[in-house]
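Engineer: just coords:
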């Protein structure tokens with residue numbers, strides 16, 4: 001007798017509905033960032049504070065290889081870390097879902113099916129992997145844009161890597177709206193300048209935008225409450241249309257060539273004030 005399960009006509013509809021309820025958060029891994037794990041923990045803490053369950057899919061360069069069972073039962077490989085967070089070691093795993101066009105978008109559907117309780121799926125992966133995952137799905141089901149989050153600290157190598165990742169995502173996947181999470185001291189004199197530098201380069205050379213940036217102090221994680229900027233970012237990510245609240249966003253002038261007056265962009269972070 002056949003061991004195939006009976007055909008369920010409603011399965012596809014259930015999967016589409018489940019994906020429509022999920023917010024995807026692509027986080028660009030950066031091997032030059034010393035405290036990337038702590039920065040991801042702050043993001044998850046922000047969602048947990050809002051009562052949201054987050055699935056962290058770690059497909060970064062430093063992540064563990066997925067368990068063998070992931071080939072047959074992905075749900076069995078998801079590890080609950082707390083009431084509001086689960087974790088999947090997934091280095092190299094998206095490539096197992098590649099289709100004939102080179103897209104690994106089917107992996108996103110498999111994640112939603114394997115973790116139906118997760119309202120946010122945070123995918124931590126290199127820029128090339130995120131291109132294959134999100135190039136065909138540049139928007140959420142409700143029309144809100146998929147917006148990659150860059151990671152960096154205040155060292156030049158990490159900033160260079162973050163900009164190179166932005167360039168790849170913009171040119172290969174058409175993802176031209178980005179955000180930045182900087183790991184640095186709250187007293188760092190370079191943090192705001194780094195954000196401005198990335199925003200200027202994105203605007204002038206890529207036709208892209210850095211719409212938001214936040215600062216996380218790795219030395220204060222665990223003894224410091226979530227910052228207002230991080231809480232604001234979480235709220236914006238959970239908005240169903242994905243738009244930035246202009247009432248809380250700051251505006252700066254990006255200097256144009258030879259004093260042309262510059263280009264304006266918004267970033268909801270008080271450091272620009």
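Structural biologist: Nice, thanks for sending it over. Every value quoted in this text rests on a predicted model; they were computed, and no experiment measured them.
Engineer: point out where the stretch 151-273 of the chain drops to low pLDDT.
Structural biologist: The model of the stretch 151-273 of the chain has pLDDT under 70 over residues 221-224, 240-273.
Engineer: please, where are all the helices along it?
Structural biologist: In order along the chain, the stretch 151-273 of the chain carries the following helices (DSSP state H, counting those that start in this stretch): 156-173, 191-201, 228-238.
Engineer: using TSV, lay out those helices together with distance to residue 36 and mean neighbour count.
Structural biologist: The way it works is simple: take the backbone N, C-alpha and C, and place the C-beta from them, glycine included. Output for the helices of the stretch 151-273 of the chain, formatted as TSV (distance: least, CB to CB, whole Å; neighbours: other CB atoms under 10 Å):
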stretch	distance to residue 36	mean neighbour count
helix 156-173	10	19
helix 191-201	16	19
helix 228-238	16	19
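Engineer: hmm, residue 217 is touching residue 186, no?
Structural biologist: Yes. At 5.0 Å, residue 217 and residue 186 qualify as touching, with contact defined as CB atoms under 8 Å.
Engineer: those two: which has the busier surroundings?
Structural biologist: Between residue 217 and residue 186, residue 217 has the larger neighbour count (other CB atoms under 10 Å), namely 19 against 13.
Engineer: now the more buried one: how far from residue 112?
Structural biologist: Counting by CB to CB, to the nearest Å, the gap from residue 217 to residue 112 is 33 Å.
Engineer: swap in residue 192?
Structural biologist: Taking CB to CB as the measure, residue 192 and residue 112 are separated by 37 Å.
Engineer: any chance of the helices of the stretch 151-273 of the chain in a markdown table, with distance to residue 95 too?
Structural biologist: A markdown table is the format used below for these (distance: least, CB to CB, whole Å):
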| stretch | distance to residue 95 |
| --- | --- |
| helix 156-173 | 16 |
| helix 191-201 | 29 |
| helix 228-238 | 27 |
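Engineer: what's the closest of those to residue 22?
Structural biologist: Comparing the helices of the stretch 151-273 of the chain by their distance to residue 22 (CB to CB), the top pick is helix 228-238, with 11.2 Å.
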